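# coordinates only, no sequence provided:
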């Protein structure tokens, strides 16, 4: 009997354990499903989410599961998209002309073709369509609405309304132009009582505040079916039920009013009433959400204002300033005139820190103007005009000292170490590397300018047994200085001597950090450049952000980033949204290595979005597979990164080298891959390298 009870108790424990495990697994699956973002690798997207506020969901035409949309999510033909209360979504179609803005409690189905444009089925809610010079078709009930321009549509239980803000609309063979309005009641009959149509903005408006933190919001409208006793009430409230009214204005014999509102989020409505009454004449009246965005004045940081700014003769000038929340880009202007006339530099940049070349020694004036997305109304004043005197000081440079291979040394065909090295001099770079098949260096086979103190030998050199001669010329001053000529032999791999020779190549006293002096995994060299003079080489490329060598990847035999046989030229960038409590800094070198410095409160990276992005030119419509490699040099640090190809797959970056693959289809002439970070266990430095990029149809 006792044995039987013991067996029954064990069975109960096993059953309880299985139930607990099942509950945990079910919870994990539910959470992943709830936060899942799906993609289609076998279908070309028709649009992209360019703005999202709160929760929005999408359902594929061939599936029943709803997934959550994220910023930059792709939209496909037949997708059904819906928003909930307080949510908004803006979609940009691939023609980069047509935009859709879905306000709260809206559901649509999207179809698109390059020939016919967008075709949208509006089930319910409020939708703003901006088709620019193209046509867009909206299907609502049995009506087909052809839009050319900007139009706002609302469909709910109270009826249907359409307001033309710009361009024209054709509905059931009737033509409406800017300022016209169509209102139908719940029975589909035209509204005959007084109503208004907004001409100033659509349902959702985002307006930049003025420097004092307030904004003058202009409400303007057209009147329909008005009588002599009809007035308009404009209300702004801090709650959607309009229980806390911030501003209420009654307008008589006018169709415009300016309301001063402090920065924040509000609800607004405007409705006609009979004189002396506060009750709306009908239920069909414009309303929406109003967001007043505070903006701070831009502070110019570098170069310091009204000071003499010294930089090396050939170096870029670093410009930096304080970032502005919500800005999509910045217009940087540099002029020799105090009134900023005839600027020599006028360019839009995406970050608050840029490098500018080709500025001569003289006094310069500069300013920064933030540029906001098209869905934000208002302008931000430019910064104050900064001034500095640029002085280029020429530093003395010495003859490059060749370190590896030694004179008459060897490069081995099958070794991963197939590079030339010389001692680093911060004033000497860039360098010109020359390789010839004769000691007089006549008609060199390679003439290549590089930014770091090593050069990766191409296959055409290391696959050809024989003796080669090489030298390096420092180009960091107006008088380039060349090293002596050395010889090396290309031979088959000899394991007993190769590693020993390489370990002796760079002594511990080298000016270059050990992690950068002897790279164990070499990218392919850049395209060969054959200038007429060494000076032309130095000016043919932009200076890189960092003048010191960045750490190089640990041992790897991976192939370099290639697309159709040519080296991929890309650009790194970073992003941290306003909810993140972490800071994210980065620098990148021309070998494809990105150094990431995490600061702030790294445990809370997942409170907001922080990501590193890689952008490069592509062939539109092709599928690209990216292989990334990531690591850190500390045993106590780690960083979790989401794989955007599969959000269920996260990667932990540690001291051990990790590789992961991302696949995406190029929808434009430029592609961007974003690696989003979830959390780090402490601040620190991490490294990211592109191992390869392959292209396929």
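Done, it's in. Quick caveat, the model's predicted, so the values are computed rather than measured.
# drop to CA atoms for contacts and neighbour counts, all remaining ones
Noted.
# quick one: mean pLDDT for stretch 382-394?
Averaged across stretch 382-394, the pLDDT comes to 85.
# mind checking which helix or strand of this structure has the lowest mean pLDDT?
For the chain, using mean pLDDT, DSSP states H and E, the weakest element among its helices and strands is helix 514-517, scoring a mean of 29.
# quick check: domain ranges of the chain?
Using automatic domain parsing, the domain parsing of the chain gives 1-34, 47-190, 204-293, 300-393, 402-506+515-540, 562-696.
# can I get these in CSV with distance to residue 198?
Formatted as CSV, those follow (distance: least, CA to CA, whole Å):
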stretch, distance to residue 198
domain 1-34, 38
domain 47-190, 7
domain 204-293, 4
domain 300-393, 15
domain 402-506+515-540, 55
domain 562-696, 32
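# mean pLDDT lowest for which of those?
domain 562-696 - the lowest mean pLDDT of these, at a mean of 61.
# now do the strands in the stretch 51-200 of the chain.
56-59, 67-68, 74-75, 80-83, 88-93, 99-102, 107-113, 117-130, 136-140, 143-156, 159-171, 174-177, 181-184, 195-198 (DSSP state E, counting those that start in this stretch).
# out of the ones you listed, the one nearest residue 630 is which?
Of all these, it is strand 74-75 that lies closest to residue 630, at 26.4 Å by CA to CA.
# and the closest one, which strands flank it?
Here strand 74-75 has these sheet partners by DSSP bridges: strand 47-53 (antiparallel).
# quick one: buried residues of the partner strand?
Residues of strand 47-53 classed as buried by neighbour count (16 or more other CA atoms under 10 Å): 47, 48, 49, 50, 51, 52.
# so how far is residue 456 from residue 421?
According to CA to CA, to the nearest Å, residue 421 and residue 456 sit 9 Å apart.
# quick one: which of these two has more around it?
Using other CA atoms under 10 Å, the more surrounded residue of residue 421 and residue 456 is residue 421, with 22 against 17.
# and that one, bridged to which residues?
Here residue 421 sits in beta bridges with residue 404, residue 454, as judged by DSSP bridges.
# surely it meets residue 454?
Yes - counting by CA atoms under 8 Å, residue 421 does reach residue 454; the two are 4.4 Å apart.
# contacts for stretch 326-346 next, please.
For stretch 326-346, the surrounding residues in contact (CA atoms under 8 Å, 6 or more residues apart in numbering) are 347-352, 363-373, 385.
# one more time with 6 Å
347-350, 364-373 (CA atoms under 6 Å, 6 or more residues apart in numbering).
# what residues sit buried inside it?
326-327, 329-336, 340, 343, 345.
# any idea how far residue 100 is from residue 269?
22 Å.
# ditto for residue 212
For residue 212, the distance to residue 100 (CA to CA) stands at 32 Å.
# so for the two, which residue has more residues nearby?
The neighbour count for residue 212 versus residue 100, taken as other CA under 10 Å, is higher for residue 100 (20 against 11).
# what bridges to the more buried one?
residue 91, residue 129.
# residues in contact with it?
Neighbours of residue 100 in contact, by CA under 6 Å, 6+ apart: 90, 91, 128, 129.
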